[in-house]
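>>> Task: produce atomic coordinates for the following.
(one chain, ligands or ions: 1)
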Amino acid sequence: MSSSLPFLPFALPDIGEEEIAEVVDTLRSGWLTTGPKAKRFECDFAVFLGDESLHCIAVNSATAGLHLALEAIGIGPGDEVITTTHTFTATAEVVRYLGADVKLVDIDPATLNIDARAIEAAIGPRTKAILPVHYAGLAADMPAILALARQHGLKVVEDAAHALPTTIGGQLVGTLASDATVFSFYANKTITTGEGGMLVTRDAALAARARVMRLHGMSRDAFDRFTATAPSWYYEIVAPGFKYNLTDMAAALGLHQLKKARVFQQRRAALAALYDAALAGLPVTLPSQPRPGDLHAWHLYVLRLADGAGIDRDTFIDRLFAAGVGCSVHYIPLHLHPYWRERYALDAAMFPHSQQAYERMLSLPLYTRMTDADVQRVVDAVRAALA
Ligand SMILES: *Cc1c(COP(=O)(O)O)cnc(C)c1O
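Residues are numbered from 1 along each chain as shown. This next block holds a predicted model:
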């Protein structure tokens, strides 16, 4: 009886003895906040992406990283940034931090990623940037998005909170021709530091600005221009910056999580393939696959109930919970939340694909600590809920 089994959570972090030992080492070292381990994590991240010329800037959340990236590209009052309605609010809220406006657009119903044609239709005189999300870990249509950006002179900042590691055309997200890419290491993401993120850019000026704004707008560069021997206590405040640095305690986790990122992705892909095989033929729409040869990070495994399912999504989720299986919904689209709906006078009819997906979708448990038997248990619960 599945009901006699312990509850299967929706998500769980995968923390090994290596991570624990590294955190303990940090605690004993006397250096808790941003220091040698955060620096090493940044260097290792560039190596992981396969391009040591990339600037990697460790921050205490992806939200912070997105805020810093948009600030560094000069987003401000009067500007508009285009993003998807089908995301977490963090993607869009950072635009509002800067006094700029958000232009939400609909998704491609096949991939659930931002629709490049909808972006094109939304570009106006105030548009300054495009902020795509690699939904669930499947790359957005970056060739089309980057082409639009070039054509209209727009910046591109990628929300890669789900996308480590994800490739498109064989290239890792983080190494594409966008202005900046931001990863999340929140507890349920594909690698975790508890809370944390990484801002990645090829642009040295953007990186320099983000580094200064990451820590109170503090700079030593002004002094260093005149002498190589700035006293260790000297700094200058060049802007009202933020407090977005990553601690060495968190970076200690990241050092080992990053080493496992490839193996984690393989396990997630294997679990997703088990779901795909076991759920084929049921009245559900399975997640979109990456193009042949490309990596999907499989942060989420999102099902949609098909017309013949004979059950509504909320009842379906209730039945899974009753069977001891945790699940979730990604996302309640932004156009349904009071703040976004009221600020921009939005309604569901403006986003038919996102709305339809939302009404039918749920995310099944998908994490590296799941066993094949756990997958079977979820599949049994899905079959029973649909029967
Ligand atoms: C998790 C998430 C974020 C925010 O990440 P934090 O590290 O928690 O700030 C942003 N965008 C998306 C799509 C996310 O899923």
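
>>> what's around Trp277, how many residues?
Heads up, residue 277 is Ala, not Trp. Per other Cβ atoms under 10 Å, the neighbour tally for Ala277 reads 12. Yep, even glycine has a C-beta here, placed from its N, CA and C like the rest.

>>> Tell me how far it lies from Phe316.
To Phe316, Ala277 is 21 Å away according to Cβ to Cβ, to the nearest Å.

>>> Next: Gly16.
Distance from Gly16 to Phe316, by Cβ to Cβ: 35 Å.

>>> from what I can see Ala144 touches Ile114, true?
No. Between Ala144 and Ile114 there is no contact, the gap being 10.0 Å when judged by Cβ atoms under 8 Å.

>>> ranges for the strands of this protein?
Along the chain, the segments classed as strands by DSSP state E run 55-59, 80-84, 101-105, 127-131, 155-159, 167-168, 171-172, 180-184, 197-201, 218-219, 236-237, 284-285, 301-305, 361-364.

>>> one step back: looking at Gly16 and Phe316 now, which is surrounded by more residues?
Counting neighbours by other Cβ under 10 Å for Gly16 and for Phe316 shows that Phe316 has the greater number, 20 against 12.

>>> Contact partners for that one?
Neighbouring residues of Phe316 by Cβ atoms under 8 Å, 6 or more residues apart in numbering: Leu305, Ala309, Leu362, Ala385, Leu386.

>>> Contact partners for the closest residue to the second one other than its chain neighbours?
Leaving aside its chain neighbours, Ala309 sits nearest to Pro283 (4.3 Å; criterion: Cβ to Cβ, 6 or more residues apart in numbering). Remark: with contacts taken as Cβ under 8 Å, 6+ apart, Pro283 is in contact with Leu305, Ala306, Asp307, Gly308, Ala309, Gly310, Leu386.

>>> Next, the contact list for Leu366, please.
Residues in contact with Leu366 (Cβ under 8 Å, 6+ apart) are Ala11, Arg268, Leu271, Ala272, Tyr275, Trp298, His299, Leu300, Tyr301.

>>> so where's this structure uncertain?
1-3, 221-228 (pLDDT under 70).

>>> and it, which residues reach the ligand?
Proximity of the chain to the ligand, by Cβ under 6 Å from any ligand atom, involves residues 61-63, 87-88, 90-91, 133, 159, 161-162, 184, 186, 197.

>>> Looking at the residues you listed, which are in helices?
Among the residues of the chain next to the ligand, the residues falling in helices (DSSP state H) are Ala62, Thr63, Ala90, Thr91.
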